[in-house]
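1. Sequence isn't available, so here's the structure alone:
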């Protein structure tokens, strides 16, 4: 027998590593904001067990069962056991609504944990994020909040369709968009009829409802007083199913582990949150927090793609040398590392703003970060995939799953144009947001000539905002804010490399512009076992 199948020059599996140890941007943020120790969570996120559950949850996507064997309508979605394992661990780590009932620092700790845990498998982060984000909106109805927030914050995973009062913990979702309107939620046609007991009967069709097996949903419908926000339970207090029909599950590009459904309300019972006609005002509180998680999730996807690529080049040789020792490969990976450090640093600053109640800063910084960081993720993941060559294009590498996931965060909770135009609305309606932004940016003034020039250009853009330049404004704002944070908190060589390559007219192709200290940047961000 001839020996033709000797495996050499292949990297070992990236498992059993600590994603926090190779993430200096996150480590710096944890120290800066006094978040506390997340080593145990990080090591679990990098464990072989967690990564295998992430793979299996995507290999076996959820299945819709509209009827049981006897023909009864049941509208249930079945998930693989790995989905439940991932959900259980996320809830037990308090990555959902727990911070709203905890003390100082809880939102920052949750943001860092969400970022680390999303690197395991991003699909299940959706119901975790919605549960976190539902609380601020729910507080517009103090009675409903008092009833449900303690169970939304409970660190137990209690899956199954039962009345909320009979469960130890709850998960929440959001159901806004309709096929004729999409992001234009004011075009919604779902109706809400007030009943004698004060509840409402909802009738309509929702085009996207993620995690349809959650317990409670915040939804928009047209009440007599205008577009309003409602809380709709899956199961009514008497144990009967609410009139919610799951019509189909969306066959999505990525995010395969998570069920995104098209549903119909056929007389579903809902409870008003806030006032009739003020539905957008209520649900925008939820949207703002899910936008934060879009930034965190994109930063996480960027980071795990970088980890996979950096790990690969450390163990793979070509042309007589280890890939990690080739100057051009070093430059590519260093460029990706810069993108990761900037995204992570900005995401954690936004989480700190939530923690500290910096609403004016968030009103501009959050949509700008959502616009820019989420749009950078597909480019970063594509370049990281290419570092693995043909192996990266094969499903077994895991890189195609990351690549399919990458565009999602830029679309959900307001696509690029929607978030960019949010900046203009904030500038017009809340002039104080500009003062808050420059209070943050001016703290880095004078530290770098490229930065000072970008700051000048940003002031000029803000002096004459125009709809056709909303994207340019969002991009410049995000880059300037990332630069300010790195100039203040990152090592000098990291901040200078970022400002040189991002704030000038240099090429936007990763690796095309020489990165000073590329070897050090690569060592700084490469996973170790």
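-> Structure received. Keep in mind the model is a prediction, meaning the values are calculated, not measured.
2. So which bits of the helix or strand where residue 482 lies are buried?
-> Secondary structure assignment for residue 482, by DSSP states H and E: helix 470-489. Neighbour-count burial for helix 470-489, counted by 16 or more other C-beta atoms under 10 Å, picks out 470-471, 473-487, 489. From N, CA and C alone the C-beta is placed, and that goes for glycine too.
3. which residues does residue 151 contact?
-> 164, 167-170 (C-beta atoms under 8 Å, 6 or more residues apart in numbering).
4. now it: how far from residue 229?
-> Remark: distance between residue 151 and residue 229 (C-beta to C-beta, to the nearest Å) = 20 Å.
5. cool, residue 394 as well?
-> Distance of residue 394 to residue 229, computed by C-beta to C-beta: 45 Å.
6. Repeat that for residue 250.
-> Taken as C-beta to C-beta, the span from residue 250 to residue 229 is 23 Å.
7. tell me the SS of the closest residue to residue 92 other than its chain neighbours?
-> Nearest residue to residue 92 in three dimensions, chain neighbours excluded: residue 155, at 5.4 Å (C-beta to C-beta, 6 or more residues apart in numbering). Assigned state for residue 155: coil (three-state reduction, DSSP: H, G, I helix; E, B strand; the rest coil).
8. for residue 155, what are its contacts?
-> Contacts of residue 155 by C-beta under 8 Å, 6+ apart are 91-94, 98, 169.
9. swap the cut-off to 10 Å and go again
-> Residues near residue 155 by C-beta atoms under 10 Å, 6 or more residues apart in numbering: 90-98, 169.
10. do the same with residue 189
-> Counted by C-beta under 10 Å, 6+ apart, residue 189 has contacts 178-181, 203-205, 221-222.
11. So which of those residues is surrounded by the most neighbours?
-> Counting neighbours by other C-beta atoms under 10 Å, the top entry in the contacts of residue 189 is residue 221, with 27 neighbours.
12. ok, what's across the strand from it?
-> On the basis of DSSP bridges, residue 221 is bridged to residue 228.
13. Check it and give its pLDDT.
-> We have a pLDDT of 96 for residue 221.
14. wait, doesn't it sit right on residue 269?
-> No - the pair residue 221 / residue 269 is not scored as a contact, 11.9 Å apart, by C-beta atoms under 10 Å.
15. intersection of neighbour lists for those two?
-> With C-beta under 10 Å, 6+ apart, residue 221 and residue 269 have common neighbours 200-202, 230, 232.
16. Counting only helices, which of the residues you listed make the cut?
-> Judged by DSSP state H, the subset of the shared contacts of residue 221 and residue 269 located in helices is empty.
17. for those residues, which one is nearest residue 320?
-> Of all the shared contacts of residue 221 and residue 269, residue 320 sits closest to residue 232, with 63.5 Å by C-beta to C-beta.
18. Tell me which residues touch that closest one, please.
-> Residue 232 neighbours (C-beta under 10 Å, 6+ apart): 173, 175, 192, 200, 202, 216-219, 221, 242-244, 263, 265, 268-271.
19. I'd like the distance between it and residue 186.
-> According to C-beta to C-beta, residue 232 and residue 186 sit 19 Å apart.
20. Ok, residue 8 next?
-> Taking C-beta to C-beta, one finds residue 8 at 61 Å from residue 186.
21. Looking at those two, which one has more neighbours?
-> Neighbour totals were compared for residue 8 and residue 186, and residue 186 leads with 11 against 5 (other C-beta under 10 Å).
22. Phi first, then psi, for the more buried one.
-> phi -70, psi -10 (degrees, to the nearest 10).
23. Could I get the contacting residues of it?
-> 220, 222, 226-227, 279-280.
24. again, 6 Å this time
-> By C-beta atoms under 6 Å, 6 or more residues apart in numbering, residue 186 lies in contact with residue 227.
25. How much space separates it from residue 312?
-> 48 Å.
26. Ok, residue 385 next?
-> Distance from residue 385 to residue 312, by C-beta to C-beta: 10 Å.
27. so is residue 192 in a helix, a strand, or just coil?
-> Going by three-state DSSP: residue 192 is strand.
28. ok, it touching residue 202?
-> Yes - between residue 192 and residue 202 there is a contact under C-beta atoms under 6 Å: 5.2 Å.
29. Longest helix in this structure, please.
-> helix 279-315.
30. That one vs helix 470-489, what angle?
-> Relative orientation of helix 279-315 versus helix 470-489 (axes from the mean of the first three to the mean of the last three C-alpha atoms, to 10 degrees): 60 degrees.
31. now the helix or strand just after helix 279-315, how far from the centre of its chain.
-> Moving toward the C-terminus from helix 279-315, the next helix or strand (DSSP H and E) is strand 317-318. With C-alpha atoms, centre = their mean, to the nearest Å as the basis, strand 317-318 stands 35 Å off its chain's centre.
32. So which residues of the stretch 401-529 of the chain form helices?
-> 408-411, 416-429, 432-441, 449-463, 470-489, 492-502, 518-525 (DSSP state H, counting those that start in this stretch).
33. Counting neighbours, which bits of the longest helix of the chain end up buried?
-> Neighbour-count burial for helix 279-315 [16+ other C-beta under 10 Å]: 279-280, 282-314.
34. who's more crowded, residue 250 and residue 229?
-> The neighbour comparison of residue 250 against residue 229 (other C-beta under 10 Å) goes to residue 229, with 31 against 15.
35. Quick one: residues contacting the more buried one.
-> 273-274, 279, 282-283.
36. and which of those residues is nearest residue 16?
-> Nearest member of these to residue 16, counting by C-beta to C-beta, is residue 283, at 41.8 Å.
37. Distance check, that closest one against residue 200.
-> Distance from residue 283 to residue 200, by C-beta to C-beta: 15 Å.
38. try residue 192
-> 4 Å.
39. cool, residue 72 as well?
-> Between residue 72 and residue 200 the computed distance is 26 Å (C-beta to C-beta).
40. Between those two, which is the more surrounded one?
-> residue 200 (22 against 8).
41. For that one, list the residues it contacts.
-> With C-beta under 6 Å, 6+ apart, residue 200 has these contacts: 192, 194, 270.
42. Of the residues you listed - the most surrounded one?
-> residue 192 (29 neighbours).
43. Tell me the spacing between that one and residue 148.
-> 19 Å.
44. circling back to that earlier point, including secondary structure, pLDDT and neighbour count, could the contacts of residue 151 go into CSV?
-> Below are those laid out as CSV (DSSP: H, G, I helix; E, B strand; the rest coil; pLDDT from 0 to 100; neighbours: other C-beta atoms under 10 Å):
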residue, secondary structure, pLDDT, neighbour count
164, helix, 97, 18
167, coil, 98, 18
168, coil, 98, 9
169, coil, 98, 20
170, coil, 98, 24
